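S.K.: heads up, no residue letters with this:
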Ligand SMILES: Nc1ncnc2c1ncn2[C@@H]1O[C@H](COP(=O)(O)OP(=O)(O)OP(=O)(O)O)[C@@H](O)[C@H]1O
């Protein structure tokens, strides 16, 4: 059982590549902790530093309160599973799982018993005598997890263990992995760039961006109460609406969020209004998840100060409900461009002062936008920063009319308000 603390940990690779910067994290004993973020944000580097495979450049790494910066991997008693779990090709599944126990000098009868028990838990008990080459990807990964867990490590580290598997298997295995590590109580650090995997498996999640910690908390906390625009957008499928607004304190209405052609008002009694007043006359970013927009019944105007209007352009059927995209003439914000570290000396993932790798921004944007957003609906404005695009809303089981006008009731309590730096205007509670 192990508690992991990263106290101001940094990692600089040769060539002055700042992969991780001033990282403060506490991973509790027995926790299933997920490191989440786009490619290149430093997830694997953190995992490898915890494993002892990569040196810590600055700060302190503590395992159970003991400084571990200079401990060898063996002294840390960690087990690691990678994207393609490595197995000895000339040993059977059972032989692979026996190996760590043989090395440890475990009694043979006890070792056989443990292998049988774990293969049953992993659903590969009928494959004990099979060679790795004859297994499917999912079965191989189960065997690799079994081999890592068999010697009961104090810390279990997994680096995108499901990313080479197809969608169905991923769902099946993520449930099983979560169940298995919880039943053993082994502290587990799990790296992924898949938000659904993170949300469904984790006790807590840390969201990383360019080597920096953006937010950490339970899946519910960081979904409902994200610290930044980046986190709100990353944990969002279908995509969150990120709208550009100007805040105006108006005596009889509260703080009006002016989207240009449309507006909503945050009433004075709302606990956010004192913080919002400080942004009077200035830009803010308003995040509204599709499920926080409800179509107003036909013929009704909708409540004053909490209704947005648009014309339905695109419909998507998602089985349980319809997702609709309505043109509302409201400028939207590109989450990847908000609050990103400036390309100065020591920018994460780049050589000192060098330009970021070509295409990285586009890849991050593609990740953030996910594949549910039809590409043609986005229209860039000439500034290139604000985009005029559609309001995405959940229309429930009633199919809205394509081309029809809709009025949408905004759930003001679930509306997220960020400053221009991408941080929430009110401090998040954790
Ligand atoms: N050995 C190395 N030498 C130099 N730079 C490295 C090295 N390993 C990683 N990096 C850089 O450090 C940054 C963080 O890499 P890391 O692999 O930790 O990211 P990641 O979030 O795990 O990405 P991915 O999801 O693509 O695996 C990247 O910019 C990467 O190019």
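M.R.: Structure's in. What do you need? These numbers were taken from a predicted model, which means no experiment stands behind them.
S.K.: can you list the domain ranges for the chain.
M.R.: According to automatic domain parsing, the chain comprises the domains 4-228, 234-418.
S.K.: Kindly compare burial across those domains and name the winner.
M.R.: Among these, domain 4-228 has the highest mean neighbour count (mean count of other Cβ atoms under 10 Å), at a mean of 19. For glycine as for every other residue, the C-beta is placed from the backbone atoms N, C-alpha and C.
S.K.: do that domain and the ligand meet at all?
M.R.: Yes: using Cβ under 6 Å from any ligand atom, we find that domain 4-228 touches the ligand at 13, 17, 19, 37, 39, 40, 41, 42, 43, 44, 45, 193.
S.K.: And the third one, what's its pLDDT?
M.R.: On pLDDT, residue 19 comes in at 97.
S.K.: same thing with residue 252?
M.R.: pLDDT, residue 252: 89.
S.K.: mind showing which ranges of the stretch 301-430 of the chain have poor pLDDT?
M.R.: For the stretch 301-430 of the chain, the stretches flagged by pLDDT under 70 are 341-388.
S.K.: Contacts only, for the nearest residue to residue 48 once chain neighbours are set aside.
M.R.: Leaving aside its chain neighbours, residue 48 sits nearest to residue 54 (3.9 Å; criterion: Cβ to Cβ, 6 or more residues apart in numbering). Going by Cβ atoms under 8 Å, 6 or more residues apart in numbering, residue 54 touches 11, 45, 48.
S.K.: Parallel or antiparallel, which strands does the helix or strand where the first one lies pair with?
M.R.: It refers to residue 11. Using DSSP states H and E, residue 11 sits within strand 4-13. Using DSSP bridges, strand 4-13 pairs in its sheet with strand 17-27 (antiparallel), strand 58-63 (antiparallel).
S.K.: Nearest to residue 174, out of those strands?
M.R.: If you check each of the strands paired with strand 4-13 against residue 174 by Cβ to Cβ, strand 17-27 wins as the nearest, at 19.0 Å.
S.K.: Please list the residues outside the helix or strand just after the closest one that contact it.
M.R.: Heading C-terminal from strand 17-27, the first helix or strand you meet, by DSSP H and E, is strand 32-36. With contacts defined as Cβ under 8 Å, 6+ apart, strand 32-36 is touched by 4, 27, 43, 46-47, 178, 181-182, 187-193, 195, 197-198, 201-208, 234.
S.K.: now strand 32-36, how far from the chain's geometric center?
M.R.: Centroid displacement of strand 32-36 relative to its chain, using Cα atoms, centre = their mean, to the nearest Å, is 9 Å.
S.K.: how much does that strand deviate in direction from strand 17-27?
M.R.: 150 degrees (axes from the mean of the first three to the mean of the last three Cα atoms, to 10 degrees).
S.K.: neighbouring strands for strand 32-36, and are they parallel or not?
M.R.: Applying DSSP bridges, strand 32-36 is found paired with strand 187-192 (parallel), strand 204-209 (parallel).
S.K.: could I get those strands as TSV with mean pLDDT?
M.R.: Formatted as TSV, the strands paired with strand 32-36 follow (pLDDT from 0 to 100):
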stretch	mean pLDDT
strand 187-192	96
strand 204-209	98
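S.K.: Make TSV out of those strands and add distance to residue 316.
M.R.: Compiled in TSV, these are given as follows (distance: least, Cβ to Cβ, whole Å):
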stretch	distance to residue 316
strand 187-192	25
strand 204-209	26
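S.K.: nearest to residue 267, of those strands?
M.R.: Using Cβ to Cβ, those put strand 204-209 closest to residue 267, at 31.0 Å.
S.K.: hang on, the earlier thing: looking at the residues of domain 4-228 next to the ligand, which one is closest to residue 269?
M.R.: Out of those, the member with the shortest distance to residue 269 (by Cβ to Cβ) is residue 37, at 37.2 Å.
S.K.: Tell me which helix or strand residue 392 sits in.
M.R.: strand 386-396.
S.K.: relative orientation of the lengthiest helix in the chain and strand 187-192 in degrees?
M.R.: As assigned by DSSP state H, the longest helix anywhere in the chain is helix 167-184. If you take the same axes, to 10 degrees, helix 167-184 sits at 160 degrees to strand 187-192.
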